[in-house]
Every structure is written in C-alpha cells, then in structure tokens.
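Participant: Using only what follows, build the 3D model:
(one chain, ligands or ions: 1)
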Amino acid sequence: MQYVSTRGGMAPQAFSDILLEGLAPDGGLAIPEHYPQVSAQTLAQWRDLSYAELAFAVLSLFVDDIPAEDLRALTQAAYDPSLYVGEAMVPVKPLQGDMALLGLSQGPTLAFKDMAMQFLGQVFEYVLEKRDSHINILGATSGDTGSAAEYALRGKKRVNVFMLSPHGRMSDFQRAQMYSLQDPNIHNLSVKGVFDDCQDIVKQLAGDLDFKQSMQLGAVNSINWARIAAQVVYYFWGWLRATDSADQQVSFAVPSGNFGNILAGHIARQMGLPIARLVLATNENNVLEEFFRTGIYRPRDSAHTYATSSPSMDISRASNFERFVYDLVGRDPDALRALWDQLATQGYFDLSHLKDRFESEYGFVAGQSSHADRIATIAQVYRETQVLIDPHTADGVKVARDHMQPGVPMLVLETALPAKFSETIEEAIGQPAPVPEHLQHLNDLPQRVVVMDADVEQVRAYMLQNA
Ligand SMILES: *Cc1c(COP(=O)(O)O)cnc(C)c1O
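Facilitator: Okay, the predicted model is just below:
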C-alpha cells in the first residue's frame, strides 16, 4: 500500500514514511493510491473479533511496512480494554426505534479522538525506535485534541509534547484533565491569550524551517493519516454489531468539524462496507452542510466562525475535506489543484454540477443544528430514554432524525461524554452531568503547567530548554 498526495506532487511512499509528516511536500494531503476492498466473506470472518483484533485486521490493509506481529502488538496495546471505561470498549447503546449511539468516548479523555490517538501513540514510539529518531510534538488546543494527544503520548520514549492552551479559557474539567499529567515528556504551556494566539505561535515556530529541523518538530493534528486509518476501524465495528448478514445496510450520523471522522466513514464505504447513508451534522458553523446542500464550498474566516455550545465543531475550514474532494473529482490531482487555486483567489469553489452524485454515489446527506436544537434534543433523549448525550452527539441525533430510512439502523457517533460539557447539560436537564467514578477527584490533583505571555520567543526558549 503506497500513499500519494492529493495534489499529485509526491512520489509514492509507505505508511511509516508519511506517519510523522503533516502536509505533503506539495501542500496536499497523503492518501492511499487505491482503497483496499473488503468482501462479504471477509466481513463474515470479522464478526467474532475483539476490537483490538478488528483494528489489526483493518489497519493491516493500510500498513504493509510494519511486520504483522508488531502491528498486532501495537493494536493490542492501543485497544487494551483496561484503557476504556465500561464493559464493552465501543458499545452500541440503543436510543429510539432504529437509532442507536456508537459509544466512541469511553477512552481516557472521554472523547472519540482517543480511539485514533491511542493507536498513534503506539505507532509513533515504534517507528521512532526503529529509525533511532526523536520528535517534539508542538500543538495548540482549546480542549479535546490536546488532551487526547497528551494521554496517548504520555511516558512515550523519544517523544516530547509541547501543548499550548489559552490561559483561563478552558473548562475546569479540561484544565484538570491536561494539567494533572505529571509525565516529564508532557509540557503544558498556558498562554495569556486566546486560542488563535496559541495557533499563531505554533504556525510561526513550525514555519521557521531551521527551528523545525533542528527540533524535529512534528504535529498530531487531524490531517494525520494514521488517525484517519484508525478511525475507519470503528465503522466496521459498528456495522458488525448492528447487523447479522452482509446484505444489511447501516447508516452513520457524524457530528463534524474538520471532516476527519466522517472521512473515515467515507473510506469504509469505499472499501465495500454496506453503508446506506453518511449523515453529516454541523452546528451553526455550517460550511459543510452548505456544501452538501448546494455544491458550493465557501470556508469562512475566524471572524465568521461562531463560538457555540458544541465547541469542538466550531470550524469553518475543514482540513480533511480535500481528501474527499479528491475522490469526488475522480482522483485527478490537476482538477483538485485547480479548485484549491480558486479557493485562494476567489474564496470558494463550485461543484454544483456534481451535486446529484453526493448522495447517489457517495451516500452523503447533511443537516445543521442550533443551540436550541441541541438543548431540546439532550432534554428529550434524556426524558424518553434516560440516556444522557453530550452537545456534539446531540447535533448528530438531531440531524440523523431527518435522514432515517425504513429498516436501516442509524448509528449516531457519540463523539464525547456529557461530563465534559456539564454547563450545557445543566441548561438542558436542570442538573449537571455525572462524572465517571475514576475522574471524580481530578480537580484535587496537583497541576503541572507553565504560564507565559503570548510571545513566540518565550515559547521557543522554553522548548529549547526542555526538549
Ligand atoms: C473533534 C470533535 C468533533 C469533530 O470531529 P472532526 O473529525 O473534526 O469532524 C466532534 N465532536 C467532538 C466532541 C470532537 O472532539
């Protein structure tokens, strides 16, 4: 399995070669030369596998430069049931009728990003060891991504993590979750500014090529291919749990921001998994919903990106969308590049002539949800089923309801547990969300964090001293 760039300017490379990279050298994103195919017979053989075994089976199709027994050990370590709360690591939780939740948030940080990050942590350490190399991960977070990365990389050899977060702007829970990590390779830098200031500092340092090279800077952001590949696994898992034969279809509803989660669903479908619909849900930041409704993709700037009560979806430039558009334009890098040139010059591109194919060929439908929808959905689901859902998952449930088909199970991806967003839960049901038992004393733990000004030189100096 070789990987090429969506923009056509990269010689084919193996999985381990693209693992540690961000963008491809030509500015595009790495993508498999072709999608592996999975037959009905193989699906039947996968029915009895544990999650870790299924992860090994699926990831083997994307990784052919790591010996099988090593990849098996990495997936066993990443998907060890002891890291996930509850009896089933990835439970299917029935809601109403044909609708159920796919529980992806039982991992260490209570959000679905753990599912991919845990694998990333294992495979990073493994590849760095093989290459006798080191990496310094530099990132900015406003919550979920940073903590999932830190929990996946804590204590890993050959890896340091420098994570910038906006001082005083995260929830108590998020702060306690990140800053209570005592592992010496995890560095929390609390920057006196907003998230954009943190992001700017990261961009400046990563854009300084001397610094980047001498520090062996890397990132674990949502365009990382290994994260996408690891996410493909749970679409297979969900389908296997919701069906008993290969002629049955399942739909998935996905609360979306950077288009990473639902892209994995698209890939699973391209591999032959019987998926009826991929239902994309946005919040008030509806750039993607608008694209699937009109065929016009018009990203927005940060001044037009609203802060909502499903904050992990407050994104108006979906970094993984390019990988889907590549398929949409027939995997033609020239056509893809022309579209991204248009984005740069006129601020949008228009694929409305392909609109009929979004659903008929790719299964995509979309909808959006508002704060009022979110509150009403959380309250109603709780009242009628006693299941408490988080605000992002609520956006998924709200939009999924409009796209049910008779006899087709709808799995809504549970992207976080409600305990992370208790304020909104309280608004919806008049009481806070329960905190899982093992996290009830999180706030009492000592915190390890360095506060600094929003000044690139202070961050640089700290990194030079602590790498
Ligand atoms: C990251 C995140 C999303 C958005 O996922 P994408 O892969 O960026 O589309 C949705 N919900 C939660 C809780 C998240 O953390």
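
Participant: Confirm G121 sits in a strand?
Facilitator: No: counting by DSSP: H, G, I helix; E, B strand; the rest coil, G121 is not part of a strand but helix.

Participant: and the residue lying closest to it once chain neighbours are set aside, what element?
Facilitator: Closest residue to G121 apart from its sequence neighbours, by Cβ to Cβ, 6 or more residues apart in numbering: A152 at 3.4 Å. (C-beta placed from N, C-alpha, C; glycine too.) Using DSSP states H and E, A152 sits within helix 144-153.

Participant: can you list the residues that contact that helix?
Facilitator: If you take Cβ atoms under 8 Å, 6 or more residues apart in numbering as the criterion, helix 144-153 is touched by 107-109, 111, 113-114, 117-118, 120-121, 124, 137, 139-141, 159, 161, 163, 165, 174, 177-178, 181, 185-186, 188, 220-222, 312, 416, 420.

Participant: picking up where we left off before, near the residue nearest to G121, how many other residues are there?
Facilitator: A152: 27 surrounding residues under other Cβ atoms under 10 Å.

Participant: can you tell me how far it sits from D390?
Facilitator: 20 Å (Cβ to Cβ, to the nearest Å).

Participant: Equivalent analysis for P409, please.
Facilitator: From P409 to D390 the distance is 21 Å (Cβ to Cβ).

Participant: Which one's more surrounded, these two?
Facilitator: D390 (28 against 23).

Participant: need the contact list for the more buried one.
Facilitator: Per Cβ under 8 Å, 6+ apart, neighbours of D390: S105, E414, T415, A416, L417, P418, K420, F421, I425, A433.

Participant: chain center to the helix holding A152: distance?
Facilitator: Offset of helix 144-153 from its chain centre (Cα atoms, centre = their mean, to the nearest Å): 11 Å.

Participant: Equivalent analysis for stretch 27-38, please.
Facilitator: 17 Å.

Participant: What is the end-to-end distance of that stretch?
Facilitator: 31 Å (Cα to Cα, to the nearest Å).

Participant: near the ligand, which residues of the protein?
Facilitator: For the chain, the residues in contact with the ligand (Cβ under 6 Å from any ligand atom) are 111, 113, 144, 222, 255-261, 312-313, 392, 415-416.

Participant: Show me what the helix or strand hosting A372 is packed against.
Facilitator: Applying DSSP H and E as the criterion places A372 in helix 371-385. Under the contact criterion of 3 or more Cβ pairs under 8 Å, 6 or more residues apart in numbering; DSSP states H and E, helix 371-385 touches helix 391-401, helix 422-429.

Participant: still on that earlier bit, okay, and which of the contacts of D390 map to strands?
Facilitator: E414 (DSSP state E).

Participant: Minimum pLDDT in the contacts of D390, which residue is that?
Facilitator: In terms of pLDDT, the lowest of the contacts of D390 is K420, showing 87.

Participant: burial of that one, as a residue count?
Facilitator: Around K420 there are 26 residues (other Cβ under 10 Å).

Participant: Not counting sequence-adjacent ones, nearest residue to it?
Facilitator: Of all residues not flanking K420 in the chain, L110 sits nearest, at 5.5 Å (Cβ to Cβ, 6+ apart).

Participant: I'd like the distance from the one you found to A140, if you could.
Facilitator: From L110 over to A140 (counting by Cβ to Cβ), the distance is 21 Å.

Participant: secondary structure element for V161?
Facilitator: strand 159-166.

Participant: Need the CA coordinates for that strand. PDB is fine.
Facilitator: Extracted C-alpha coordinates of strand 159-166, given in PDB (Å, rounded to 0.1, in the frame of the first residue of the first chain):
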ATOM      1  CA  VAL A 159       8.500  12.000  22.100                       C
ATOM      2  CA  ASN A 160       8.100  15.300  23.900                       C
ATOM      3  CA  VAL A 161       4.700  17.100  23.700                       C
ATOM      4  CA  PHE A 162       4.500  20.900  24.000                       C
ATOM      5  CA  MET A 163       0.800  21.800  24.100                       C
ATOM      6  CA  LEU A 164      -0.300  25.500  24.100                       C
ATOM      7  CA  SER A 165      -3.600  26.300  25.500                       C
ATOM      8  CA  PRO A 166      -5.400  29.700  26.100                       C
END
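
Participant: Start at 29, not 1
Facilitator: OK, 29 is where the count begins now, so the last one is strand 187-194.

Participant: Mind listing what's buried along the helix or strand following that strand?
Facilitator: Moving toward the C-terminus from strand 187-194, the next helix or strand (DSSP H and E) is helix 200-207. For helix 200-207, a neighbour-count test (16 or more other Cβ atoms under 10 Å) marks F201, Q202, R203, A204, Q205, M206, Y207 as buried.
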